[in-house]
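Participant: Fold the following.
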Amino acid sequence: MIKKTLLSATALSIGVLASGALPAMAQEKTDFKLAWSIYVGWMPWGYLEDSGIMDKWADKYGITVDIVQINDYVESINQYTAGEFDGVSATNMDTLSIPSGGGVDTTALIIGDYSNGNDAVILKGEGTLADLAGKPVNLVELSVSHYLLARGLDTVGLSEADLDGVINTSDADMIAAYATDDVEAVVTWNPLVSEIMGSNPDATNVFDSSQIPGEILDLMVVNTETLAANPDFGKAVVGAWYEVMSLMAAGDPEALTAMATASGTDLAGYQAQLGATEMFFDPAAAVAQATSPDLPATMVSVAEFLFDKGILGEGAPSADYVGVAYPDGSTTGDAGNVKFRYDATYMQMAADGAL
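Facilitator: A predicted model of the protein is given here:
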């Protein structure tokens, strides 16, 4: 991608050779901050902080990495984009629209999972997706929930124009909003989906992300310049992440129970959410996702959605406005304006036992 490989101080990764020069180099430093928000696939970040695993890996490389929970998902990305954090947990779509669309060169350091049912369109009462016609829908506007709604409506020949509007609702307010009489449908993600479905007998899941597998990727993205200047930051974060992934893959009850409690559910509830998540416990599986031939097509689809909504960067002239680079050196969008990079280097190091 756009950074030096860890094999040689002078050798450039394949992506650099194909996609152009490195961005301006950030300064080397020793203290880093990551932001995350509550979501089934991101609960390991809280456990990394609380268990001391992140500290252990940071100490190995002579740095510090603080992992901070932000209660509002979009706000966490906004804070990262403003430079208050070195990385943030985010989906592929929201990364493209907010930091990358805003000009912040951003690298997907870890592909943690894809949503396989964790994001859902929920109708109050019986019915189908087609019954959303003429109804208002509450969601986090211009987030991945908005994308899911658009993809779902398309499958039944509807568009957003067929609804009685989209009502922007924070994820922090979604459960309370559903309980009000004037809310007829919501689109949200776990653990909110499980809470709404489990607490409301009238709730009907009419479309979810299992019907668009691989399109909603859950990532840890970091500032590209910071990563390029501080490869030990990437090593420590990825090493710590996959230590926790090995615990989860083994069904470690302490780790899983801690994550369940932090997400507001019990072990059974959290495991049910994991059942709707295609977690990449094995770093080799994450590398395979990063290098999948389907990924560029997904990102083109996402870019077209964002452009249609007018949120692919201020004044974006087309859906190709932001360039996205892939591990093989190929790009989609504008190769002269690459601001989103999928880099498999560190995940591959984890797969090779080289961290």
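
Participant: Over to the residue of the chain most remote from its centre: give its phi and psi.
Facilitator: Here the chain has its C-alpha centre computed as a mean, and the residue farthest from that point, by C-alpha atoms, centre = their mean, is D181 with 31.7 Å. When quoted as degrees, to the nearest 10, the phi and psi of D181 stand at phi -70, psi -30.

Participant: Now stretch 78-86: average pLDDT?
Facilitator: Here the mean pLDDT over stretch 78-86 is 97, rounded to a whole number.

Participant: Go through it and flag the buried ones.
Facilitator: Along stretch 78-86, these residues count as buried under the neighbour rule (16 or more other C-beta atoms under 10 Å): 78-81, 85-86. Quick note: C-beta positions are derived from backbone N, CA and C, even for glycine.

Participant: Okay, now that stretch: how far is its last residue from its first?
Facilitator: Stretch 78-86 has its terminal residues 12 Å apart, counting by C-alpha to C-alpha, to the nearest Å.

Participant: Stretch 102-111 now?
Facilitator: The straight-line separation of the ends of stretch 102-111 (C-alpha to C-alpha) is 21 Å.

Participant: ditto for stretch 133-153
Facilitator: In terms of C-alpha to C-alpha, the two terminal residues of stretch 133-153 are separated by 9 Å.

Participant: Buried residues, it. List them.
Facilitator: Within stretch 133-153, the residues scored as buried using 16+ other C-beta under 10 Å are 135, 137-140, 142-153.

Participant: Would you point out the helix or strand in this protein whose mean pLDDT is lowest?
Facilitator: Sorted by mean pLDDT, DSSP states H and E, the helices and strands of the chain end with helix 14-19, the least confident at a mean of 31.

Participant: what's the following helix or strand after that helix?
Facilitator: Sequence order places strand 31-36 as the next helix or strand after helix 14-19, per DSSP states H and E.

Participant: by how many degrees do the helix or strand following that following strand and strand 31-36 diverge?
Facilitator: Moving toward the C-terminus from strand 31-36, the next helix or strand (DSSP H and E) is helix 43-51. Helix 43-51 runs at 130 degrees relative to strand 31-36, counting by axes from the mean of the first three to the mean of the last three C-alpha atoms, to 10 degrees.

Participant: quick one, helices of the stretch 201-350 of the chain?
Facilitator: Secondary structure of the stretch 201-350 of the chain (DSSP state H, counting those that start in this stretch): helices located at 224-229, 231-249, 253-262, 267-274, 283-290, 295-308, 345-351.
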